[in-house]
Structures are given as C-alpha cells and as structure tokens.
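# Structure here, sequence nowhere to be found:
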DNA sequence: CCCTCCATCGCTATATTGTACCCTAGAAGC
DNA sequence: GCTTCTAGGGTACAATATAGCGATGGAGGG
C-alpha cells in the first residue's frame, strides 16, 4: 500500500451520519430491512473514502467480541449493493459508499493510487458517449463499470510535474 | 454460466494466427522475448473472444503432460499485459486478447452476459469525455477501466424482449 | 394466542483467484 | 571461464468469495 493522506479536510463524521440517515430513509421507503448488521457494515464501508475490502470489514466486525464469518459480511454487502447504498470497485475488489443512493446508478470512479481515495463522478457526457457507442453497434447496455486510476488533485499537485515523483 | 453462442460467423483460426503473428512482430521490434510459454499462453487467451481465467489457462497448459503451477501462468500473463498483447477484464477476473496491440492503450469493453463475448472498443468520444471530466477536477488520469455489461446485438436480437432500435 | 413461513444470520467447509519465495537452467556479457 | 540476468519450475500460502445447513425470531393467518 502506498502512503495515505487524508482525502480532504472535511467533516467525515457528518459524511457517515448523512449516509446512514439517508440509508434509513431509503430502506424505509422501499420496505427493505436495514438491520443492525447491515447498518454496521454500511458504517464500516463509510469509515473513509477509501474503498474497503470485505475482509477488512470482517475484522472490524470481529472487534466487538463476536467473531464473524465471510458469508455474514458478503450477505450484508450484497444487500447494500442491491439497494444502491454502496458500489463495488472491481479493480480493487473493494467497496465504497455511494454518496447519492436515491437513484440507483452505475458509478464512475476516480481512484487515486497515492492516497487511495475513491471519488465518485456522475458525468453526463461520459454516460451519453458510452450509450452512443454501445447503441451504434447494437449492444444493449446494462451495468457500466468505469474506474479511472491516477492521481487526485491533492496528490498530483504535491508531486509537481514529474508523474513518477510520487513513487516510493 | 449462461448459454453460450458463437460470437459470430468468422474465421477464428485466422484471428488467432493474426494475433500471434502481430505479437511476434511487436516483440521483435521491442526486443521483448516472446518465449514458447508466453506464446502458448497468448494462444490460449485467444482461444475465443470470451475472457479466459488464469486457472483455465493453467488447466489447458497442463493438458500436454506437463503440470503447470499458478506463478507460471501469472508471469506469462504479466508479460503479455505489459506488452499490451492482452487486457485484463477486472469485473470478470479474466483476460482477453487485444486486437490492436501496436499502440498500448486502456481498453473499452462490451461484455455480453448471454454469450460471454468481449468486444473491444476504441471510442474517441468516450476517451475525451473521460479525460475532460478528470481534468475538470484536477485528476491526473492513468489507466482507465471501462467495462460495459449487457447484451450483444446477436443475443439481444434473439431474445425478442423489445429490442429497442437495432441501431444501424 | 399459537403456529407457520420465511428472511436473516451464524457457522463450517470449500472454491477461486493471486503472490511470496526459493531454486535451476540457460542465454548474455565480459 | 566466470559472472550476471532473465525465464521458468515448483511449494506454500494469502486473499477473495461462495455453497450449504441449521437456528432464530418476527410477521401475519388461523
């Protein structure tokens, strides 16, 4: 793992709180059951803006005296995915909270290889370019995975011009 | 696994042959060593247009009397990736041959969930939309993963389920 | 109120995918 | 001839994910 810096100076506690509140609302509306376990897993995913592995969550769950097993975590993650509360980052085998879960969508992600932060985009131009390209060859689009690896403004800025200046 | 249909009526033998020939040329130009093993792995990746798992390759290699071990395959795959001869499909943990390896690039893929075929795109509009979106927030773009799951023209057409506008 | 149904979760075991590490052979350079 | 480096054989293990079975407890019908 590369060095990690805080993604930004923001009040992350309120990030978490907002996410949990919104999740409660959404689940209530849909009649989906946001159980204690699912809520806790969602909270753990939101621990930071860095995607979290299923087994990291597993360890954190174990911290409270009870030992959890993989299926427990994967089932909770599946529920959260189905309800659009989190996204899976395919290229990292990890999960990240969705900042706007009201309307389910395929996420677009900027993944900083220096600080690990995942930033979700919702760029219409990308969406329509993808839709057009698919349409042009008669492909019916389902879920779209877009993951862009690189350096976030913060990390790229610190490194100045040379792209490899950040390497260790 | 869903049903698989042949991706198309094309002369796949010549696909493979072309890919191998081009690989030879490229490696010769670069002074990279396309050894027997690497060539065989490339050939196995090109067995079809469906992404192939590392352990599938491993089994196929074992077929000739010698038993291969995982690192053998992964090392060969790493070489092929570095030289742009194959791409990794993150959402499937699998590999597919690159049809235009002369100029290394991040691939854009249409993945049919019915027949399994991976079709590589090189769409400039998508590329520039991604570049602009990243640029706008000061993100320095590295590798881009774009994987679109859905139904290819063939499978969507056959499914009769209201195929909207067979573009063309 | 009781009872059935079924979603949820605990748990064991196992499958799948990917790496660390050590060693040998043979080519490349001097 | 000797060193050095790349490629690859092989074991062991790490990391990620799923199959399947049983227990529990709440929701709703009788």
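Nice, thanks for sending it over. Model, not experiment: these values are computed from the prediction.
# Just to be sure, residue A:111 is in a helix?
No: if the criterion is DSSP: H, G, I helix; E, B strand; the rest coil, then residue A:111 is strand and not within a helix.
# Touching, it and residue A:147? I think so.
Yes: using CB atoms under 8 Å, residue A:111 is in contact with residue A:147, at 5.9 Å. Every residue, glycine included, has its C-beta placed from N, CA and C.
# more crowded one of those two?
residue A:111 (26 against 23; other CB atoms under 10 Å in any protein chain shown).
# Contacts only, for that one.
By CB atoms under 8 Å, 6 or more residues apart in numbering or on different chains, the residues touching residue A:111 are A:51, A:89, A:91, A:92, A:117, A:118, A:147, A:148, A:149, A:150.
# for residue A:142, helix, strand, or coil?
Per three-state DSSP, residue A:142 ends up strand.
# How about it: what's its closest non-neighbour residue?
residue B:150 (3.9 Å; CB to CB, 6 or more residues apart in numbering or on different chains).
# quick revisit: what's the closest of the contacts of residue A:111 to DNA strand C?
residue A:91 (10.0 Å; CB to the nearest atom of the strand).
# and the closest one, backbone torsions?
phi -80, psi -10 (degrees, to the nearest 10).
# surely it meets residue A:149?
Yes: using CB under 8 Å, residue A:91 makes contact with residue A:149 at a distance of 7.1 Å.
# Overlap of the contact sets of these two?
Contacts common to residue A:91 and residue A:149, judged by CB under 8 Å, 6+ apart, are A:111, B:145.
# residues from chain A in reach of chain B?
A:90-91, A:108, A:110, A:112-113, A:119, A:121, A:123, A:125-126, A:128-130, A:132-153, A:156-157, A:163 (CB under 8 Å from any CB of the partner chain).
# how much space is there between residue A:67 and residue A:58?
Residue A:67 is 9 Å from residue A:58, where distance means CB to CB, to the nearest Å.
# do the host helix or strand of residue A:17 and DNA strand C meet?
In the assignment (DSSP states H and E), residue A:17 maps to helix A:12-30. No: between helix A:12-30 and DNA strand C, judged by CB under 7 Å from any atom of the strand, nothing touches; the nearest distance is 9.5 Å.
# what does whatever helix or strand comes next after that helix contact?
Next along the chain after helix A:12-30, taking DSSP H and E as the criterion, comes helix A:36-45. With CB under 8 Å, 6+ apart as the test, helix A:36-45 has contacts from A:16, A:19-20, A:23, A:34, A:52, A:56-57, A:60-61, A:72-73, A:76-77, A:79-80, A:85-86, A:95-97.
# what's the angle between helix A:36-45 and helix A:12-30?
140 degrees (axes from the mean of the first three to the mean of the last three CA atoms, to 10 degrees).
# mind listing what's buried in helix A:36-45?
By 16 or more other CB atoms under 10 Å in any protein chain shown, the buried positions in helix A:36-45 come out as A:38, A:39, A:40, A:41, A:42, A:43, A:44, A:45.
# Ok, stretch A:91-99 next?
Here stretch A:91-99 shows A:91, A:92, A:94, A:95, A:96, A:97, A:98, A:99 as buried, counting by 16+ other CB under 10 Å.
# The helix or strand hosting residue A:147 - contacts with which helices or strands?
Applying DSSP H and E as the criterion places residue A:147 in strand A:140-151. If you count contacts as 3 or more CB pairs under 8 Å, 6 or more residues apart in numbering or on different chains; DSSP states H and E, strand A:140-151 packs onto strand A:108-112, helix A:124-136, helix B:124-136, strand B:140-151.
# Next, format these as JSON lines and append mean pLDDT.
Shown next, in JSON lines, are those (pLDDT from 0 to 100):
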{"stretch": "strand A:108-112", "mean pLDDT": "98"}
{"stretch": "helix A:124-136", "mean pLDDT": "97"}
{"stretch": "helix B:124-136", "mean pLDDT": "97"}
{"stretch": "strand B:140-151", "mean pLDDT": "97"}
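# Single out the most deeply packed of the ones you listed.
Neighbour counts averaged per stretch over the helices and strands packed on strand A:140-151 are highest for strand A:108-112, at a mean of 25; criterion: mean count of other CB atoms under 10 Å in any protein chain shown.
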